[in-house]
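**Student:** When you get a sec, could you give me coordinates for this:
(one chain, ligands or ions: 2)
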Amino acid sequence: MTAETADIEQAAGVLRDGGLVAVPTETVYGLGANAEDPAAVARIFEVKGRPPTHPLIVHIATADQLGDWVADVPETARILAEHFWPGPLTLVLRRGRRVPLEATGGLETVAVRVPAHPVALALLSAFGGGVAAPSANRFGSVSPTTASHVRAELGDAVDFVLDGGPCQVGVESTIVDATGEVPSVLRPGGVTREQLEAALGFPLTVPETSPVRVPGQHPSHYAPRARVVLVEPEKLVVEAEVAQETGHRVGVFAPGFLAGTPLNVHAVVEVPDSMAAYARGLYGFLRELDQRGCDLIIASLPVEAGLGLAIANRLRRAAGPRPVE
Ligand code: TXA
Ligand code: MG
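**Tutor:** Ligands and ions are numbered 1, 2, ... in the order given. Presented below is the predicted three-dimensional model:
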């Protein structure tokens, strides 16, 4: 079921009343509130269990509105917005006065994005303002890419869930810091580095080569319940079968070259060769292996080009050290 006009109107009303709405975007589902309502924004942090210093993304209906939310629009930001909005790109710029510090985790910069999903755009125009929204999952866990993931994860804590079907990109937006002289990629995502470089006409730095300096980017993130271990592709089968034999319930992310190979493990998901299809399925695969009772997920990294860069980033973070419970 996909959201109808009446649902959009109702959801816009919920936002005006200070409530929380789960919003489908082309990347992942967001947990949205009126960006200008500090109390509503505070509820997002409460529901997610997210530390209040982790900044949110403000979603707006059109690129024309960008100037209303930021202190200035540098030339690079204008070029990127023109090329990639609506779409899976988030720009970090100097905070405009309209944005409360609650939404930016106290920072003097703000992240802004125009999403490409028709339901998100319909909601944003019906509402008229900015919608602050992180991904609609509990802090640190896997982002939702369907409305039922949102319901399973957040239940009654959300006032209204807009169903926009499964997300077509499947990994979060690319975040570009455009405040300085040279833009830098803070998080790889749905717009590839290659696309950004083609639009800008010069090379960019990305997180794996630059120090992590973004609040809200902990080593462990995007993590399922099962532990995630990354291995070289040629060791995938042996590592998985040994772990299974030594008492784990192993789930394997099996790449195309293993298709049809019988594996002596608890569960297998076949990961698509197409990076677009892999990105679209990634979070669903992690959730599926959790649901099937795996306690260990074994995967290899894809080639880190195009969307493979974002997929590898999420897998590394899913495999990152977990906070002590
Ligand atoms: O695709 C997406 O970006 C999704 C959809 C819902 O739009 N949203 C999303 O939000 O992934 P979230 O909160 O899970 O991740 C946003 C990240 C923060 O964790 C933080 O790293 C970065 O954006 N961010 C936000 N504001 C920032 C700022 N002012 N400076 C640097 N990084 C910022
Ligand atoms: Mg998130």
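**Student:** So residue 120 is in contact with residue 57, correct?
**Tutor:** No - Residue 120 lies out of contact with residue 57 (C-beta atoms under 8 Å); the separation is 11.8 Å. Just so you know, the C-beta spots here come from the backbone N, C-alpha and C atoms, and that holds for glycine as well.
**Student:** So these two - more neighbours on which side?
**Tutor:** More neighbours surround residue 120 than the other of residue 120 and residue 57, with 29 against 26 (other C-beta atoms under 10 Å).
**Student:** In a helix, that one, correct?
**Tutor:** Yes - when classified by DSSP: H, G, I helix; E, B strand; the rest coil, residue 120 is found to be part of a helix.
**Student:** wait, what's in contact with it?
**Tutor:** Going by C-beta atoms under 8 Å, 6 or more residues apart in numbering, residue 120 touches 23-26, 30, 59, 164.
**Student:** Closest to ligand 1 out of those?
**Tutor:** Distance to ligand 1 across the contacts of residue 120 (C-beta to the nearest ligand atom) is lowest for residue 30, with 3.0 Å.
**Student:** Isn't the closest one up against residue 137?
**Tutor:** No - using C-beta under 8 Å as the test, residue 30 is too far from residue 137 to be in contact (10.1 Å).
**Student:** Among these two, which residue is more densely surrounded?
**Tutor:** Set residue 30 next to residue 137 and count neighbours by other C-beta under 10 Å: residue 30 wins out with 30 against 24.
**Student:** what's the spatially most central residue of the chain in contact with, if anything?
**Tutor:** The chain has residue 172 as the residue nearest its centroid, 2.8 Å off, counting by C-alpha atoms, centre = their mean. Residues near residue 172 by C-beta under 8 Å, 6+ apart: 27-28, 88, 135, 143, 187, 189-190, 310.
**Student:** do that again at 6 Å, thanks
**Tutor:** By C-beta atoms under 6 Å, 6 or more residues apart in numbering, the contact set of residue 172 is 27-28, 189.
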